[in-house]
Structure formats: structure tokens, C-alpha cells
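Visitor: How does the following fold in three dimensions:
(chains A and B, ligands or ions: 2)
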Amino acid sequence: MSVTAARIPTGNREDEIQIYNLHKSFGDLEVLKGIDLTVHRGEVVCVIGPSGSGKSTLLRCVNLLETPTQGRIFILNEEITDPDADIDRLRTLMGMVFQSFNLFPHLTALENCTIALTQVKKMSPARAKEIAMQNLHLVGLGDRADSYPLKLSGGQQQRVAIARALSMDPELMLFDEPTSALDPELVGDVLAVMRDLAADGMTMMVVTHEMAFAREVADRVIFMDGGVIVEQGSPEDVIGNPTEERTRSFLRRVLDPTHVETPDDHAASPPA
Amino acid sequence: MTTATAVAPRAKRSPRQRAQRIRMVQYGVLALLVVLAVLFIDGRAVTSTFFRPDMVQKALTQGLPFAFLNTVAYTAGAFAVGLLLGTVLALMRLSQVAPYRWLATIYIEFFRGVPAIIVLIAFSLMPLALPGLRIPFDPYGSVWLGLGLVSAAYMAETIRAGIQAVPKGQVEAARSLGMSSGLATRRIVLPQAFRIVTPPLTNEFVALTKDSSLVYVIGLTADAYDLTKYGRAMSNTYANITPLVIAGLSYLVVTLPLTFLVRKMEARQARSK
Ligand SMILES: Nc1ncnc2c1ncn2[C@@H]1O[C@H](COP(=O)(O)OP(=O)(O)O)[C@@H](O)[C@H]1O
Ligand SMILES: [Mg+2]
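Guide: Numbering: from 1, shown residues only, chains lettered A, B, ... in the order given. Ligands and ions are numbered 1, 2, ... in the order given. Predicted coordinates for the structure are as follows:
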């Protein structure tokens, strides 16, 4: 720890997320086996990899929804893994979008966006509403502000979830397979919103299976397997011309629509 | 129909014919019961015992409405105590702090395990054990506490189940927006949990309405009589059971609509799943 104390964290304002030697175990199962990663301001990092490889766990460690077993994580050079860290405040710097939306069903779309503004940021209801409406318009749902989540389609719900996260005015956004639970025809609207965000310079860490999106939007693609980063680089390199065999076989499976993914595909289990 | 039927040795009735026959038998039994009732029950004797018109009128004009209000007051107060304490106990049961969990478990198992009537008596005698203790709004206060403490134990388990039925993602979404654990519980989890458990809690209210009749065990002045106590007192005075029957029917004014409401709510919850 003391050896590199001078360089951890870097202190560079451009290094928004810094992850050092991150390990995470659930009981005996080690899911993350030493991740080092820095995400820079304005960068869009797409994380790809087979299911079970630890992508969600990595993302959830960044805002401490999972507590790392070992390692340190810094958000804007502030350590969130410090036991004395003000986690609630650091979390307001990061918007999180979940695969299953997780909108609050007892609140309208608008209230979903305002509740943390009034309750956490102690904003006046009027100001909160103004900000929330701006973001609902941004995701194309200004006219559905008074709808309850269950009255919205999956794609609309996910866009409200994005508006909810954006309303907190975060420094960076974390997306965990935001389109995986959507009907295919609704995926496009959500990806379009994310594309606009990226173009606007938002720092984004996106776990996704949408290779076309990653190719087009990502500044960097990270391929994870078995709890480690196997390969990373530009989308052209990692998706277009991967060097690792594990990456290649994963991409073959994902890009071949006729291939049905089974647990056998990525289980390191001994032959039965 | 099927080949099995076709090759059967003797002609069997079709399922439809069989169902028809069974229904006929059921109607027959019912008709028989009605005939027997008309033959053997003396309508006038029944009426004069259970529904004597002058007694019905006396009851309705002499204090029964007031007793009804007392029953509602005992029930509502006990329910409020139970709901508040039940919520606290449910949160304790789910606490990270083990001693809270133990305390809540002991409380719940104790009050679910002893008869409410004994708790009620003990509470009304509390001032004997603790001279100087005065329970406010007596006797209402003692009843609210006595019945409330018992029903809190039942409600706690219901509310705990409701809290656990709220998906984990709800708390995660709340926390990821910077909400503290307490804020997430209050603004996100509990509102959803209470929605889920409104039908069972309404059932608890119905049960409490009937349990409020237990107040007869504590000494009440006439103006604090609940429906049952009122009915019994008046029935004794006039040596006729009609007032007690009317008191009993009065409970239905509260319990029937609520039971109906619960059924509607449950149907709606089942539909929205
Ligand atoms: N809360 C948990 N408890 C136990 N095991 C978990 C938990 N969360 C994830 N895991 C396990 O960790 C591994 C990685 O999960 P995850 O990070 O969700 O992978 P991915 O998002 O890449 O599909 C999986 O084997 C999963 O079963
Ligand atoms: Mg995942």
C-alpha cells in the first residue's frame, strides 16, 4: 500500500473512476480477481463478456452496491472504499441504470425523477420539477411525466430511469445491460438516448451485449472473462480484430444469431 | 367421443349428464331442508326470542348507536397502536443489529402465544401494580394498548413479509441515487410494502373489530360499553336476547364492507401480477 501511495489516486481530475486491484468474492466464489481500470472524463467504456464473468459485479462495486473484498476505488480522486467515505454523497456523482429499470412503481415518472432531488439534494419542489421535466424531455418523454411506470412500455421505463439518473446531474453514468430486458423494437430508442449522452461528453461505463452500439459509441472496449480483464482497446481492435482466443470465441457466439448461448459455453467445468 | 367410451361394455353417462345429475341432487337436498325448516320451526317463537320488535326499537333508540361508536373507537385506536408498533417490530426483525431481531422475535412470539383476553385484564390492572401510573383516556387508553400490543405482534409478521416482497432492486435504485438507508426505507420500501399488505391488514382490522368485544372483562362504566357488553347488559335487564342479537348484527356494518373491499383488492392485485 505504502509503495505506490504517491500515485494512488492519481490526483488527475481527468481520471473519474480509478479501480486498483479489485477483488470480490461471494463466499468461496471469487467473482472479480484483481481488476485495474481507469475511466477518463468524457470517455465511453463498454464492458463485454460472457454472462457470469463479473461485469455487473464490477459495475456494482464502483458505486458500492457490492462491497469489494479487496482493492481500492476512487471516484473523482475520492476513495469510495474508504470506511469513512460519505458514500451517499459520492453516489450522487454517479447515475446508475439497471437492466430491470427499477423504477419506483408507486411514483409517477416525474416523481421518480424528483424524489432524490427534494429528499437528498434538498431542492425546492418547483426547482426539482423543472430539472426533472428537462430530463424527461431529453429522453423524449415529456408528455408522459404523470404516468406511472407500469403504464409505460419497457423502453419508456428505461428512458425514465435514465432521466431519473440524469436529474441528479451526475459526473458519470453506469449502465448495466440497459437494453437486455427490452423487446427488440424498443432497444433503438434507449440506445439513441445513450448515443446522445455520449456525444454530449458524458463519462459512461456500459455493460452491454449490443456490439453495434459498442463499435459505434465506445472509446474503449473491455472484454472480461472469469473475473479478469482479458483484453481491452479500441472497438476496432477488440471487436474487429481481437488478439485473445477467449475474446474471439465469445464474439463468434454473440455475433452468430443462430447460436443459442448455454451455460456450457463459458463454464470452466470439467467434462462430465 | 374417445375410443375408450366407444368400446365400454355398457353405455355410460357422459360427463355432462353426470354433472347435471349431481346438481339435481344438490337442489333436492336444499329443497328438503327448506321444507323441514318450515314444518318444524315456529316462526313466531323465533321472532319473539331473537327479534322482538319492541326490543329492537328500544335497543336502536337507547344507546346502541353509542355502543357502536365505542366499538369503532376501541378498534380504530388499537389498530393504530398495532400498526405503528407492528411497523417498528417488523423493521427490528429485519435489522442488521442482532439484539433488535431477538427482542422483536421474543415480543412477537410472546404476544401471539398468550390469549388477548389475559393481556387486556393485565393492562386494566396495571395501575394496581404501578401506583401512580395513569393510562390516558381510560378506559379507552388501556384497551388501545392492550389490544394494540397483541395485534402489533400479528401485524409485524404481515408487514415484514410485505417489506421482503419489495424487490431488492428498489433499494438499490434508491441507494444509487444517494438516498440513505433510512430514507430509502421510508420513501421507497414502506409505501410499497404497505400497498402489498393492505388486504391482510384490513383483515386484521376485521379481526380486531370482533376482538374488541373482549373489553367486557375490564370494568366499564355504562357510557364506555361496546356493542357486546351493551347487548348483554340490556338482554339481562329485559330477560330477552334480542338486544344481543342486534348488537351482533351491528358488527356486520363494519366487517362486511371491509371483507368485500379486501376481496376486491385481492382480485385487483392478482390481476396486476
Ligand atoms: N449476490 C451474489 N451472491 C452470490 N453470487 C453472486 C452474487 N452476485 C453475483 N454472483 C455470482 O457472481 C458471478 C458473476 O456475476 P455477474 O457479475 O452478475 O456476472 P455478469 O454480469 O458478467 O453476467 C456469477 O457466477 C454470479 O452467480
Ligand atoms: Mg450482469
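Visitor: contacts, neighbours, all on C-alpha from now
Guide: Noted.
Visitor: Helices along the chain, start to end?
Guide: As the question left the chain open, I've gone with chain A. Along chain A, the stretches classed as helices by DSSP state H are A:55-62, A:87-91, A:109-119, A:125-138, A:154-167, A:184-199, A:211-217, A:235, A:245-255.
Visitor: Correction: the question concerned chain B.
Guide: B:3-6, B:15-40, B:43-50, B:53-61, B:64-93, B:98-113, B:116-124, B:126-129, B:140-165, B:168-176, B:181-184, B:190-211, B:227-238, B:242-271.
Visitor: Can you say which of these is nearest to residue A:185?
Guide: helix B:168-176 (24.8 Å; C-alpha to C-alpha).
Visitor: For chain A, what is the nearest residue in chain B?
Guide: Nearest residue of chain B to chain A, counting by C-alpha to the nearest C-alpha: residue B:178, 4.4 Å away.
Visitor: residue ranges with poor pLDDT in the chain?
Guide: Looking at chain A here, since you left the chain open. A:1-6, A:257-272 (pLDDT under 70).
Visitor: was after chain B, sorry
Guide: B:1-11, B:273.
Visitor: Contact residues of it facing ligand 1?
Guide: Proximity of chain B to ligand 1, by C-alpha under 6 Å from any ligand atom, involves no residues.
Visitor: what about the spatially most central residue of chain B, distance to residue B:150?
Guide: Central residue of chain B (C-alpha atoms, centre = their mean): residue B:207, 1.7 Å from the mean position. Distance, residue B:207 to residue B:150, by C-alpha to C-alpha, to the nearest Å: 12 Å.
Visitor: go on, residue B:200?
Guide: Taking C-alpha to C-alpha, one finds residue B:200 at 16 Å from residue B:150.
Visitor: Repeat that for residue A:181.
Guide: Distance, residue A:181 to residue B:150, using C-alpha to C-alpha: 45 Å.
Visitor: number of nearby residues for the nearest residue to residue B:246 once chain neighbours are set aside?
Guide: Distances taken as C-alpha to C-alpha, 6 or more residues apart in numbering or on different chains put residue B:56 closest to residue B:246, at 7.0 Å, once the chain neighbours are dropped. Counted by other C-alpha atoms under 10 Å in any protein chain shown, the residues lying close to residue B:56 total 18.
Visitor: Do I have it right that residue B:56 meets residue B:243?
Guide: Yes. Residue B:56 lies in contact with residue B:243 (C-alpha atoms under 8 Å); the separation is 6.5 Å.
Visitor: got the contact list for the residue lying closest to residue B:119 once chain neighbours are set aside?
Guide: Spatial nearest neighbour of residue B:119, excluding adjacent residues (C-alpha to C-alpha, 6+ apart): residue B:146 at 5.9 Å. Shown in contact with residue B:146 (C-alpha atoms under 8 Å, 6 or more residues apart in numbering or on different chains): B:78, B:116, B:119, B:120, B:123.
Visitor: switch to 10 Å and redo it
Guide: B:78, B:81-82, B:116-124, B:140, B:215 (C-alpha atoms under 10 Å, 6 or more residues apart in numbering or on different chains).
Visitor: of these, buried ones?
Guide: Burial by neighbour count, 16 or more other C-alpha atoms under 10 Å in any protein chain shown: within these this picks out B:78, B:81-82, B:116-117, B:119-124, B:140, B:215.
Visitor: can you count the residues close to the residue in the stretch 151-273 of chain B that ligand 1 sits nearest to?
Guide: Using C-alpha to the nearest ligand atom, the closest approach of the stretch 151-273 of chain B to ligand 1 is made by residue B:168 at 10.8 Å. Residue B:168: 12 surrounding residues under other C-alpha under 10 Å.
Visitor: again, but for residue A:250
Guide: Residue A:250 has 17 nearby residues by other C-alpha under 10 Å.
Visitor: Check the one 5 residues further on too.
Guide: Other residues near residue A:255 number 14, with proximity taken as other C-alpha under 10 Å.
Visitor: Near ligand 1, which residues of chain A? Just list them.
Guide: Residues of chain A lying near ligand 1 (C-alpha under 6 Å from any ligand atom): A:26, A:31, A:51, A:52, A:53, A:54, A:55, A:56, A:57.
Visitor: Of the residues you listed - the most surrounded one?
Guide: That'd be residue A:55 among these, by other C-alpha under 10 Å, with 29 neighbours.
Visitor: pretty sure it is touching residue A:49, no?
Guide: Yes. The pair residue A:55 / residue A:49 is scored as a contact, 7.3 Å apart, by C-alpha atoms under 10 Å.
Visitor: Overlap of the contact sets of those two?
Guide: A:207, A:208, A:222, A:223, A:224, A:225, A:226, A:227, A:229.
Visitor: you'd agree the fifth one is up against residue A:238?
Guide: No. Proximity of residue A:224 to residue A:238 does not meet the contact threshold set by C-alpha under 10 Å, at 11.3 Å.
Visitor: what about those two, which has more around it?
Guide: Comparing residue A:224 with residue A:238 by other C-alpha under 10 Å, the one with more neighbours is residue A:224, at 25 against 22.
Visitor: quick one, what contacts the more buried one?
Guide: So residue A:224 contacts A:32, A:35, A:47-55, A:58, A:230-232, A:246-247 (C-alpha under 10 Å, 6+ apart).
Visitor: cutoff 8 Å now
Guide: Taking C-alpha under 8 Å, 6+ apart, we find residue A:224 in contact with A:47, A:48, A:49, A:50, A:53, A:54, A:55, A:230, A:231.
Visitor: One more: residue A:117?
Guide: Per C-alpha under 8 Å, 6+ apart, neighbours of residue A:117: A:123, A:128, A:167, A:168.
Visitor: Ok, residue B:112 next?
Guide: Per C-alpha under 8 Å, 6+ apart, neighbours of residue B:112: B:150, B:153, B:154.
Visitor: The second one contacts residue B:105, correct?
Guide: No. Taking contact to mean C-alpha under 8 Å, the distance of 9.1 Å between residue B:153 and residue B:105 leaves them out of contact.
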